[in-house]
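Participant: How does the following fold in three dimensions:
(one chain, ligands or ions: 1)
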Amino acid sequence: MAILKVAQLGNPVLRMKAEPVPEDVIASPEAQILIDDMIETMREYSGAGLAAPQVHESVQIIVLETMRNERYPDAPSVPLTVIINPKITAFSEELEEGWEGCLSLTDLWGRVKRARSVTVEGLDRDGAPLKIEAEGFFARALQHEIDHLHGKVFVDRMSDLLSLSFGKEYSRYGQLLEEEEL
Ligand SMILES: [Zn+2]
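Facilitator: So this is what the prediction gives:
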């Protein structure tokens, strides 16, 4: 396993549409090693999730996991989840605003409105169909990672940039910005 280099905003790979993974490729050592390396990279940098384009592979694979994450200390835990060719098949009408950061936008945080719950369908790492119904932080993380497969990053989803903050200021003033409901 290897810790991969994370592409930073400005790298064109983050703005490309990722290719679906053909079903007969999922079991290949290349795909399985990429998945293992993505998990290791996400854990190394305390990400709540990672999409393959963030490690310079423009293919539709995302991984998510949150357990005592220092970047998201208050987030509920999300079990290790690997989804290949994920699609959001249902969004709640209800939206919820919350803080997001991204390993490709190092040290930037902003408040983003997302659907409160989503249904995501795709394949697991064995190629078996997968359907996840998620709400709250898990739903937010899924929407964030799936956006990466469409060349989008969280700042594109901010209704305005008033809450955009560097990490140090986010930890000092984030609560305040939240109360003001920017
Ligand atoms: Zn991200």
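Participant: so after the top helix by length along the chain, what's the next helix or strand?
Facilitator: Counting by DSSP state H, the longest helix found in the chain is helix 29-44. With elements assigned by DSSP states H and E, the helix or strand that comes after helix 29-44 is strand 49-51.
Participant: which SS state does the nearest residue to residue 47 once chain neighbours are set aside fall under?
Facilitator: Excluding the flanking residues, the one nearest residue 47 by Cβ to Cβ, 6 or more residues apart in numbering is residue 103, at 4.8 Å. (C-beta placed from N, C-alpha, C; glycine too.) Secondary structure for residue 103, judged by DSSP: H, G, I helix; E, B strand; the rest coil, is coil.
Participant: and residue 103, how many neighbours?
Facilitator: Residue 103: 21 surrounding residues under other Cβ atoms under 10 Å.
Participant: Then residue 133?
Facilitator: 11.
Participant: Within the helices and strands, which one has it?
Facilitator: Short version, using DSSP H and E: residue 133 is in strand 129-135.
Participant: what packs against that strand?
Facilitator: Other helices and strands packing on strand 129-135, by 3 or more Cβ pairs under 8 Å, 6 or more residues apart in numbering; DSSP states H and E, are strand 78-91, strand 117-123.
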